[in-house]
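In: Attaching a predicted model along with its sequence, questions to come.
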Amino acid sequence: MITSMDIENKEFKKGFRGYHEEEVDEFLDLVKEDFENLYRENLDLKEKLKLYQEQVSRYKSIEDTLNATLITAQTAAEDTCTAANKKARIIVEEAELKSKQIIEDCNERIFSLRKEYDDLVKEFKVFRNRFKSLIQDEIKNIDEIFSDVDESCKEPFATAELSNDRSYLLAEDEAASAME
């Protein structure tokens, strides 16, 4: 690459009908100045380009980090949703199992209570029939015991019998008193 010093130090050989030396020197001075300006501008631009490239590199790094973070967040969100859905399904399944078990237990209890009720009704009917039968037997016994009373009540009550009965009752009372 040609530098401004190369332009300044460049010497041309003089020929027979050569260029006007002063004009060439002035022109070279102008070229040298423009070249120096362009060279400095080029250096400045290279420096700016380097800074911009570093910034782009940092921004690219930030972009990559943000993309990775976004992907991680999306994955975490999907995992969380999947886990929540799975947990919800498990809870629903457990609730359904518990409800089925409760219904089954209730049905068994209802069946048991109905059977117990039916047994109690049967026992009550048996008891009622036995009690009825017992009462009927006792009524028959009472009728048999007091059947002669009906016969004796047809005749008027005799006074003599009463005095005999009283003496008997008095004798019983005296015997009971003596025992005490």
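Out: Okay, I see it. Residues are numbered from 1 along each chain as shown.
In: chain center to the helix or strand harbouring residue 34, what's the gap?
Out: Secondary-structure assignment from DSSP states H and E places residue 34 in helix 21-145. Offset of helix 21-145 from its chain centre (CA atoms, centre = their mean, to the nearest Å): 10 Å.
In: Which strands or helices does that helix pack on?
Out: Applying 3 or more CB pairs under 8 Å, 6 or more residues apart in numbering; DSSP states H and E, we find helix 21-145 packed against helix 4-9. For every residue, glycine as well, the C-beta is placed using N, CA and C.
In: Flag every buried residue along the helix it packs on.
Out: Within helix 4-9, the residues that count as buried by 16 or more other CB atoms under 10 Å are 4, 7.
In: Which other helices and strands does that helix contact?
Out: Secondary elements touching helix 4-9 (3+ CB pairs under 8 Å, 6+ apart): helix 21-145.
In: how near is the residue lying closest to residue 31 once chain neighbours are set aside to residue 32?
Out: Closest residue to residue 31 apart from its sequence neighbours, by CB to CB, 6 or more residues apart in numbering: residue 7 at 5.9 Å. If you measure residue 7 against residue 32 using CB to CB, to the nearest Å, the figure is 5 Å.
In: Identify the contacts common to the two.
Out: Taking CB atoms under 8 Å, 6 or more residues apart in numbering as the contact rule, residue 7 and residue 32 touch no residue in common.
In: ok, the residue minimising distance to the centre of the chain - contacts?
Out: Closest residue to the average C-alpha location of the chain: residue 91 at 4.9 Å, with CA atoms, centre = their mean. Residue 91 makes contact with no residue, according to CB under 8 Å, 6+ apart.
In: what's the answer for residue 122, then?
Out: Counting by CB under 8 Å, 6+ apart, residue 122 touches no other residue.
In: from here on, count from 658
Out: OK, 658 is where the count begins now, so the last one is residue 779.
In: count of residues packed around residue 758?
Out: 10 (other CB atoms under 10 Å).
In: can you check residue 709 too?
Out: 10.
In: follow-up on the earlier one: tell me the pLDDT at the residue nearest to the centre of the chain?
Out: Confidence at residue 748, expressed as pLDDT, is 97.
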